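Asks: based on what follows, work out the 3D shape:
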Amino acid sequence: MKIVITGAKGQLGNELLTILSKGKSEIGKISSLYQDCEVTGLDIGELDICDTKAINSFFENTRPDIVINCAAMTNVDACESNIEGAMKVNAIGPRNLAIACERSNSKLVHISTDYVFPGSNSTPYREWDTCNPNSIYGKSKFLGECYVRQQLKHHFIVRTAWLYGYLGNNFVKTMLNIGKEKNEVKVVDDQIGNPTNANDLAHHILNLALTEEYGTYHCTGNGETSWYEFACQIMKLAKLDCKVIPCSTEEYPRPAKRPSFSSLDNLALRCCIKDEMRPWQKALKSYIKKVLEENLI
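Replies: Have a look, this model is predicted:
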């Protein structure tokens with residue numbers, strides 16, 4: 001079995017490669033079917049998903065069984081000023097992969113986001129809820145979803161949110177660094193969502209990819225919180241003496257509008273395979289322990 005991971009140098013791509021090499025995640029073992037698979041991790045330096053000719057040539061030579069697309073332009077504010085760049089990476093790139101997968105009879109797991117929703121709900125979004133993104137990032141990711149659905153039958157679209165992993169920067173690492181250097185920090189308390197450990201997400205993606213349960217899934221840490229409460233928990237678990245002060249989104253205007261409520265319900269995951277995503281507090285505790293012990297900040 002041949003597996004290709006695009007965006008392999010990102011947080012999620014790194015976790016997928018690590019789990020495949022070890023045969024297990026922090027949740028538990030993955031299927032033995034992955035034991036002797038051929039894994040290729042690619043980032044933009046090796047394969048630009050926006051380059052149609054490069055994609056077609058790669059697939060003709062490789063013919064992978066499973067493609068996991070972690071490549072994306074995820075700088076939400078930068079997308080507002082670089083609309084063309086967001087369109088290329090978040091929409092045209094997935095379309096190119098979907099067309100190539102259709103030709104080579106490959107499965108595609110495409111990673112999407114909570115930003116496809118407007119953030120106006122008061123209860124967690126489910127897979128069938130209407131998408132109505134209000135940022136360029138969200139719109140480009142939603143169009144990417146649409147292209148994948150249009151071009152490829154054997155697809156999984158996996159929406160996630162508030163992701164943090166061991167490689168690179170993220171909110172948790174930012175708070176840990178601030179907590180070491182400062183006595184207080186202001187964090188918004190009027191945006192609600194689901195903190196998601198990239199290791200947990202990668203585990204479920206690999207479980208899902210072996211099935212034929214094609215369609216759209218939500219996969220986030222279980223339970224919801226605000227950025228403020230998330231930050232408070234980070235400081236507590238890391239035993240940092242840094243006071244977290246709540247503030248409103250209006251106090252910190254950004255180029256891209258953030259969804260005020262983007263909590264996702266892992267409904268399809270529970271119905272089709274199994275939702276083993278850890279409660280966000282438990283997954284965070286495990287993450288911080290490892291980050292501090294191994295000095296991964």
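Asks: just want the phi and psi numbers for the residue lying farthest from the centre of the chain.
Replies: Within the chain, Asn183 marks the point farthest from the mean C-alpha position, 30.9 Å out by CA atoms, centre = their mean. The phi/psi pair for Asn183 (degrees, to the nearest 10) reads phi -90, psi -20.
Asks: so what's it up against?
Replies: Residues in contact with Asn183 (CB atoms under 8 Å, 6 or more residues apart in numbering) are Asp241, Cys242, Lys243. C-beta here means a position set from N, CA and C on the backbone, and glycine is covered the same way.
Asks: quick check: it vs Ile5, distance?
Replies: Distance from Asn183 to Ile5, counting by CB to CB, to the nearest Å: 41 Å.
Asks: now do Glu181
Replies: Distance, Glu181 to Ile5, by CB to CB: 35 Å.
Asks: neighbour count winner among those two?
Replies: Ile5 (28 against 10; other CB atoms under 10 Å).
Asks: who's the more buried one bridged to?
Replies: Beta-bridge partners recorded for Ile5 (DSSP bridges): Gly41, Ile68.
Asks: quick one: it and Glu38 touch, right?
Replies: No. With contact defined as CB atoms under 8 Å, Ile5 does not count as touching Glu38 (11.7 Å).
Asks: all strands for the stretch 51-200 of the chain, in order.
Replies: For the stretch 51-200 of the chain, the strands defined by DSSP state E, counting those that start in this stretch occupy 66-69, 107-113, 155-160, 163-164, 184-188, 192-193, 196-197.
Asks: Phe58 - nearest residue in space that isn't next to it in sequence?
Replies: Once flanking residues are discounted, Phe58 sits nearest to Leu47: 5.8 Å by CB to CB, 6 or more residues apart in numbering.
Asks: how about that neighbour, secondary structure?
Replies: Under the three-state scheme (DSSP: H, G, I helix; E, B strand; the rest coil), Leu47 adopts coil.
Asks: so it sits right up against Ala54, yeah?
Replies: Yes. Counting by CB under 8 Å, Ala54 is a contact partner of Leu47 at 6.1 Å.
Asks: look at the two and report which has more neighbours.
Replies: Taking neighbours as other CB under 10 Å, Leu47 and Ala54 compare with Leu47 leading, 21 against 14.
Asks: ok, that one - contacts?
Replies: Leu47 touches Thr6, Ala54, Ile55, Phe58, counting by CB under 8 Å, 6+ apart.
Asks: repeat the analysis, applying 10 Å as the threshold.
Replies: Contact analysis of Leu47 by CB atoms under 10 Å, 6 or more residues apart in numbering lists Val4, Thr6, Gly7, Ala8, Thr40, Ala54, Ile55, Ser57, Phe58, Thr62, Ala71, Leu97.
Asks: okay, the nearest residue to the fifth one once chain neighbours are set aside and Ser226: tell me how far apart.
Replies: Nearest-residue entry for Thr40: Val4, 4.9 Å, with adjacent residues in sequence omitted and distances by CB to CB, 6+ apart. Taken as CB to CB, the spacing of Val4 relative to Ser226 amounts to 37 Å.
Asks: so the residue nearest to Glu15 when sequence neighbours are not counted versus Phe261, what's the distance?
Replies: Once flanking residues are discounted, Glu15 sits nearest to Ala202: 4.0 Å by CB to CB, 6+ apart. When CB to CB is applied, the distance between Ala202 and Phe261 equals 26 Å.
Asks: phi and psi next, for Asn222.
Replies: Phi and psi for Asn222, reported as degrees, to the nearest 10, are phi -80, psi 140.
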